[in-house]
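Trainee: Model the following, please.
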Amino acid sequence: MFPGRAPAARSAAGRTRVCPRCKSTILESANICPACNSYLRFERGGEQVTPVAELSPLRVSGTIRHPAEGEPLEYSMVLTIHNERGEEIARQVVGVGGLNPLEERSFSLTVNIFRPGPRSG
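Mentor: Here you go, the predicted structure:
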């Protein structure tokens with residue numbers, strides 16, 4: 001801490017909770033679980049507000065295909081998140097599977113940025 005400076009207040013942005021339905025870790029501000037699409041919170045007046053991404057700075061799509069010949073292959077999709085210092089802060093195996101000759105799998109990754117709304121309740 002620097003002399004004469006007050007510590008910065010911690011923002012509620014980025015706080016997490018567990019979806020009661022699918023048990024995924026999600027943003028505390030989420031009204032709808034991005035993993036299972038279940039409604040988690042209903043707004044007063046019966047109007048459900050669905051957050052809209054302000055920005056999608058990263059979108060990656062790709063396809064892997066097994067060649068026509070050869071033994072079956074296996075794949076694993078691993079997602080890793082690093083902070084500004086390059087330190088790993090999250091790592092998760094998203095999916096695994098096998099590919100037989102001529103089979104293919106497509107993968108998509110999107111990172112959306114939201115502005116947390118006012119907390120209700």
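Trainee: Who are the packing partners of the least confident helix or strand in the chain by mean pLDDT?
Mentor: In the chain, no helix or strand scores lower on mean pLDDT, DSSP states H and E than strand 25-27, which sits at a mean of 89. Secondary-structure packing of strand 25-27 (3 or more CB pairs under 8 Å, 6 or more residues apart in numbering; DSSP states H and E): strand 16-18. All C-beta atoms are positioned from the backbone trio N, CA, C, and that covers glycine.
Trainee: for the strand it packs on, packing partners?
Mentor: For strand 16-18, the packing partners by 3+ CB pairs under 8 Å, 6+ apart are strand 25-27.
Trainee: Could you look up the next helix or strand downstream of the strand it packs on?
Mentor: Toward the C-terminal end, the helix or strand that comes next after strand 25-27 (DSSP states H and E) is strand 55-65.
Trainee: now what about the helix or strand that that following strand is followed by, what contacts it?
Mentor: The element immediately downstream of strand 55-65 (helix or strand, assigned by DSSP H and E) is strand 73-82. Strand 73-82 is contacted by residues 64, 66, 88-99, 105, 107, 109 when judged by CB atoms under 8 Å, 6 or more residues apart in numbering.
Trainee: One more: stretch 84-102?
Mentor: 64-70, 72-83, 105.
Trainee: what about it, distance to the chain center?
Mentor: Stretch 84-102 sits 13 Å away from the centroid of its parent chain (CA atoms, centre = their mean, to the nearest Å).
Trainee: again with stretch 82-101
Mentor: Distance, centroid of stretch 82-101 to centroid of chain: 12 Å (CA atoms, centre = their mean).
Trainee: Just the CA coordinates for that stretch, please, in PDB.
Mentor: The C-alpha trace of stretch 82-101 is given here as PDB (Å, rounded to 0.1, in the frame of the first residue of the first chain):
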ATOM      1  CA  HIS A  82      -4.200 -16.700 -18.100                       C
ATOM      2  CA  ASN A  83      -4.100 -13.400 -16.300                       C
ATOM      3  CA  GLU A  84      -2.200 -10.300 -17.500                       C
ATOM      4  CA  ARG A  85       1.100 -11.700 -16.000                       C
ATOM      5  CA  GLY A  86       0.800 -15.000 -17.900                       C
ATOM      6  CA  GLU A  87      -0.200 -17.000 -14.800                       C
ATOM      7  CA  GLU A  88      -2.700 -19.800 -15.400                       C
ATOM      8  CA  ILE A  89      -5.900 -19.000 -13.500                       C
ATOM      9  CA  ALA A  90      -8.100 -21.700 -14.900                       C
ATOM     10  CA  ARG A  91      -7.700 -24.900 -16.900                       C
ATOM     11  CA  GLN A  92     -10.500 -27.300 -17.800                       C
ATOM     12  CA  VAL A  93     -11.000 -30.300 -20.100                       C
ATOM     13  CA  VAL A  94     -14.100 -29.300 -22.000                       C
ATOM     14  CA  GLY A  95     -14.600 -32.500 -23.900                       C
ATOM     15  CA  VAL A  96     -12.900 -35.700 -25.100                       C
ATOM     16  CA  GLY A  97     -13.800 -38.300 -27.700                       C
ATOM     17  CA  GLY A  98     -12.700 -40.500 -30.500                       C
ATOM     18  CA  LEU A  99     -12.700 -40.300 -34.300                       C
ATOM     19  CA  ASN A 100     -13.200 -43.200 -36.600                       C
ATOM     20  CA  PRO A 101     -12.100 -42.900 -40.300                       C
END
